[in-house]
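Q: need a structure here:
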Amino acid sequence: MDNDLLAILSSNLSKKELTKIEIINQKTLALGLQLSQNEISELISARNASLKKYQRVELNDGILDKLIYTFCDSPYIDQNNYAETLYELEDLFYGFKNECNDRISDDELFTFMREQFDQICYGDINYLRDTCLTRFSEAIRKGYKGFIKNQGAHEDANLTQERRWDSDLYQAILKDLFW
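A: A predicted model of the protein is given here:
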């Protein structure tokens, strides 16, 4: 019976979220980004899979609309990688909510993720997951609360131990110097 109730709730939330994302789609179109009906459905399915994977439950609206609003104007997202990036960011979000033991609000985590994604990771999801979010969640589990006063913003000065190596820039400079 509990699984049936959860399935009904999930189905109702998915329909509501589908409508919401379709409306958001009209706004992101101005940025050159649009999700197809299939991509929206896949994002909702991916969300449900992430919730199951991380043993989380959402009774209210999902995070997909906030995720889209947070990342849609990133210089590292374009139509070619839009849906895939959203899939990965959505999964990262739920995983790191768990890693932080829910000691951080959704908005604080979104702010941190976006800032790191653009300014430290240069759009590299793996670097965001394996370095920035890992260090941040570890600090939070150990009692770090500095993110509260600035709502997750400007954390790189506190947590990033090295600047990201930009191989492409290095190669371009070498070409300029020697060719």
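Q: Double-check residue 94 against residue 48; I have them as touching.
A: No: in this structure residue 94 lies outside contact range of residue 48 using Cβ atoms under 8 Å: 10.7 Å. Quick note: C-beta positions are derived from backbone N, CA and C, even for glycine.
Q: who has more neighbours, these two?
A: Set side by side, residue 94 and residue 48 give different neighbour counts by other Cβ atoms under 10 Å, the larger being at residue 94 (20 against 16).
Q: Let me know how buried residue 132 is, in neighbour terms.
A: For residue 132, the count of nearby residues is 25 (other Cβ under 10 Å).
Q: And it, how far from residue 99?
A: Computed with Cβ to Cβ, to the nearest Å, the distance linking residue 132 and residue 99 is 12 Å.
Q: okay, the most centrally placed residue in the chain: pLDDT?
A: Most central in the chain under Cα atoms, centre = their mean is residue 89, positioned 3.1 Å from the mean C-alpha point. For residue 89, the pLDDT comes out at 97.
Q: can you check residue 172 too?
A: In this model, residue 172 carries a pLDDT of 70.
Q: Quick one: mean pLDDT over stretch 129-140.
A: The predicted model assigns stretch 129-140 a mean pLDDT of 88.
Q: just to revisit the earlier point, residue 43 versus the residue nearest to the centre of the chain, what's the distance?
A: When distance is defined by Cβ to Cβ, residue 89 is 10 Å away from residue 43.
Q: re earlier: state the distance from the residue nearest to the centre of the chain to residue 124.
A: Using Cβ to Cβ, we find residue 89 at a distance of 12 Å from residue 124.
Q: cool, residue 97 as well?
A: The spacing between residue 97 and residue 124, counted by Cβ to Cβ, is 21 Å.
Q: cool, residue 117 as well?
A: Using Cβ to Cβ, residue 117 is found at 8 Å from residue 124.
Q: Out of those two, name the residue with the larger neighbour count.
A: Neighbours were tallied for residue 117 and for residue 124 using other Cβ under 10 Å; the higher tally belongs to residue 117 (25 against 15).
Q: host element of the more buried one?
A: Secondary structure assigned from DSSP states H and E places residue 117 in helix 106-119.
Q: what's the answer for residue 34, then?
A: Counting by DSSP H and E, residue 34 is held by no secondary-structure element, helix or strand.
Q: same question, residue 47
A: Short version: residue 47 belongs to helix 37-53, going by DSSP H and E.
Q: mind exporting that helix as CSV, just the C-alpha atoms?
A: Written as CSV, here are the backbone C-alpha positions of helix 37-53 (Å, rounded to 0.1, in the frame of the first residue of the first chain):
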residue,chain,number,x,y,z
GLN,A,37,9.0,16.9,-24.5
ASN,A,38,11.2,13.8,-24.5
GLU,A,39,14.0,15.5,-22.6
ILE,A,40,11.6,16.9,-20.0
SER,A,41,10.2,13.4,-19.5
GLU,A,42,13.7,12.0,-19.2
LEU,A,43,14.7,14.7,-16.7
ILE,A,44,11.7,13.8,-14.5
SER,A,45,12.5,10.1,-14.8
ALA,A,46,16.1,10.8,-14.0
ARG,A,47,15.0,12.8,-11.0
ASN,A,48,12.9,9.9,-9.8
ALA,A,49,15.8,7.5,-10.3
SER,A,50,18.1,9.9,-8.3
LEU,A,51,15.6,10.1,-5.5
LYS,A,52,15.4,6.4,-5.3
LYS,A,53,19.2,6.0,-5.6
